[in-house]
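Trainee: everything below, folded, please.
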Amino acid sequence: MSEVKLHGLVAEFENEGEVLAAARKAFALGYRIMDAYTPYPVEDLAEALGMKKNRVSLITLCCALTGSLTGYGMQYISAVWDYPINIGGRPLHSWPSFIPITFELTVLFGAIGGVIGMLALNGLPRPHHPIFDTPYFEQHSASHFYLCLEAGDPLFDPEKTRAALLEMHPANVWEVPAS
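Mentor: Alright, predicted model coming up:
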């Protein structure tokens with residue numbers, strides 16, 4: 001008989017305090033590959049799951065700097081090298097006139113880079129996630145809280161992990177099959 005591959009075990013909780021306490025306890029037990037699903041943001045849950053600060057802001061900054069250099073560089077090259085036209089005694093490198101386009105490209109590149117960086121770091125788009133196969137997840141995900149300990153964790157053992165989750169007093173514990 002073939003063994004069913006697991007994505008992990010998921011525990012269902014009734015309120016945010018329970019899932020927060022469960023995440024802290026699971027982290028204290030040594031679990032590191034886990035995730036929580038809540039109907040609204042829960043303060044301190046990311047820290048309880050052991051998530052580190054992401055790099056979206058750094059990606060956005062790098063893209064914004066690239067945009068500003070691109071905007072300024074395009075104007076400088078066209079005004080000073082390609083078409084050096086003396087208009088009214090104005091210098092060829094008239095930097096105050098370059099500022100609006102430089103600002104606009106900074107914002108544009110930063111915004112696009114931030115969105116693409118966020119999607120890439122979140123692993124999106126992902127049209128299907130194994131947690132969607134959990135019983136009642138779709139019906140209760142707007143009112144219940146879930147903690148999933150994933151099978152990729154080095155400490156994951158189906159029986160021991162189930163026992164650890166049951167000690168946290170969840171409403172239910174389910175296996176999440178890998179898809």
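
Trainee: and after the lengthiest helix in the chain, which helix or strand comes next?
Mentor: With secondary structure taken from DSSP state H, the chain has its longest helix at helix 99-121. Going down the chain from helix 99-121, the next helix or strand is helix 137-140, by DSSP states H and E.

Trainee: can I get that following helix in PDB? Just the C-alpha atoms.
Mentor: In PDB, the C-alpha atoms belonging to helix 137-140 read as follows (Å, rounded to 0.1, in the frame of the first residue of the first chain):
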ATOM      1  CA  PHE A 137     -11.100  25.300   5.400                       C
ATOM      2  CA  GLU A 138     -13.000  27.300   2.800                       C
ATOM      3  CA  GLN A 139     -16.200  27.500   4.900                       C
ATOM      4  CA  HIS A 140     -14.500  28.500   8.100                       C
END
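
Trainee: which outside residues touch it?
Mentor: For helix 137-140, the surrounding residues in contact (CB atoms under 8 Å, 6 or more residues apart in numbering) are 10, 12, 37, 131-132, 146. Every residue, glycine included, has its C-beta placed from N, CA and C.

Trainee: report the two of those separated the most.
Mentor: The most widely separated members of the contacts of helix 137-140, counting by CB to CB, are E12 and F132 (14.3 Å).

Trainee: between these two, which has more neighbouring residues?
Mentor: Applying other CB atoms under 10 Å to E12 and F132 shows that E12 carries more neighbours, namely 23 against 12.

Trainee: contact partners for the more buried one?
Mentor: 136, 140, 144-146, 170-174.

Trainee: buried subset of those residues, written for PyMOL?
Mentor: To isolate the buried ones among the contacts of E12 in PyMOL, judged by 16 or more other CB atoms under 10 Å, type:
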select buried, resi 140+144+145+146+170+173+174
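
Trainee: look up how far A142 lies from the most centrally placed residue in the chain.
Mentor: Nearest to the mean C-alpha position of the chain, counting by CA atoms, centre = their mean, stands N122 at 3.9 Å. Distance from N122 to A142, counting by CB to CB, to the nearest Å: 21 Å.

Trainee: one more: F13?
Mentor: For F13, the distance to A142 (CB to CB) stands at 14 Å.

Trainee: what ranges does this structure have for its strands?
Mentor: 6-13, 34-37, 145-150, 172-177 (DSSP state E).

Trainee: what's the most buried one of these?
Mentor: strand 145-150 (a mean of 26; mean count of other CB atoms under 10 Å).
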